[in-house]
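[1] quick one, what's the 3D model for this:
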Amino acid sequence: MRISHTIVAASLTALAATLAFEQDAAAQLIPQAAPRDQNWGTVSDVALTVGVLSPFLMPRVYYNDPTSTVGWKGRWHISVLAPAMTMFGAALLVDLPIKREAKGPRPGCTVDESANAFPAAGCETFGGPSTHMFATWGSLGTGTAIFLVDTFKYSDGRFNAGAFIGNVFLPLTASVFGTMGRAIQSGPDVFAYEDGGQIAAGAISGLLTGAAIGAAYALLQRPSCPYGDSLFCW
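    Numbers count the residues shown, from 1 in each chain. Below is the predicted model:
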């Protein structure tokens, strides 16, 4: 029995090694249909992360609230999860059903290649509207709307540099770098992640959606806590 178990284990190990070798060989034999610059892909991913997190991690900054003492204050609201999850759901809607219906192939790809491509071929997903651009520019829209409402409605038009940086400047910078990361073609045989139309469709729809969500949230949720003077508002 001991010998039998050893033979079976050795056979399974050999089979696994053979399959792994065959998969590696197959992966090497199948060239990428549309190679893309991974460095610019990383830039767009980092920009997406910074742009999305910045306005939702910022406190609501306000000045002249009649229910509090005069002066600049910042309050973190748990209710910010509402616009954050709404934007997340909208981005999923763009990434899944809308892209599948639009059938916009990425640069260097065709519709058939996108529908039947191997993983890591560069054409395995459709490109437009750009989900990266929708989420990044959408966060800029959300942050800008919150900043404007807090500035003009709750702070009597007083400008706060910290609120501007967190809600507008960082998402805007991330949006610009993210756009570069998705649009740049770094060589004749290295394609961009999305074309101009796909980037514009994602950016414009995201900016408008984010602005609407941010404005609704900021108008419905005052920046001050409804009770007490805590930094975190439940």
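
[2] tell me the pLDDT of residue 122.
    On pLDDT, residue 122 comes in at 72.

[3] quick one: buried residues of the strand ranked longest in the chain?
    Assignment by DSSP state E gives strand 73-77 as the longest strand of the chain. Neighbour-count burial for strand 73-77 flags 73, 75, 77 (criterion: 16 or more other C-beta atoms under 10 Å). From N, CA and C alone the C-beta is placed, and that goes for glycine too.

[4] report the mean confidence score over that strand.
    Mean per-residue pLDDT for strand 73-77: 89.

[5] next: stretch 89-96.
    For stretch 89-96, the mean per-residue pLDDT is 93.

[6] what does whichever helix or strand comes after the longest strand of the chain contact?
    Note on strand 73-77: by DSSP states H and E, the next helix or strand toward the C-terminus is helix 81-93. Residues from elsewhere that reach helix 81-93, judged by C-beta atoms under 8 Å, 6 or more residues apart in numbering: 52, 56, 131, 134-135, 138-139, 142, 206, 209-210, 213-214, 216-217.

[7] now swap in stretch 187-199 and tell me
    34-37, 40-41, 44, 104, 106-108, 122, 127-130, 132-133, 179, 181-185, 202.

[8] now do stretch 136-147
    By C-beta under 8 Å, 6+ apart, stretch 136-147 touches 47-48, 51-52, 54-56, 58, 60, 83, 87, 90-91, 163-164, 166-168, 171-172, 174-175, 178-179, 202-204, 206-215, 217-218.

[9] buried subset of these as a PyMOL selection?
    Those of the contacts of stretch 136-147 that count as buried under 16+ other C-beta under 10 Å are selected in PyMOL with:
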select buried, resi 47+48+51+52+54+55+56+58+60+83+87+90+91+163+164+166+167+168+171+172+174+175+178+179+202+203+206+207+209+210+211+212+213+214+215+217+218
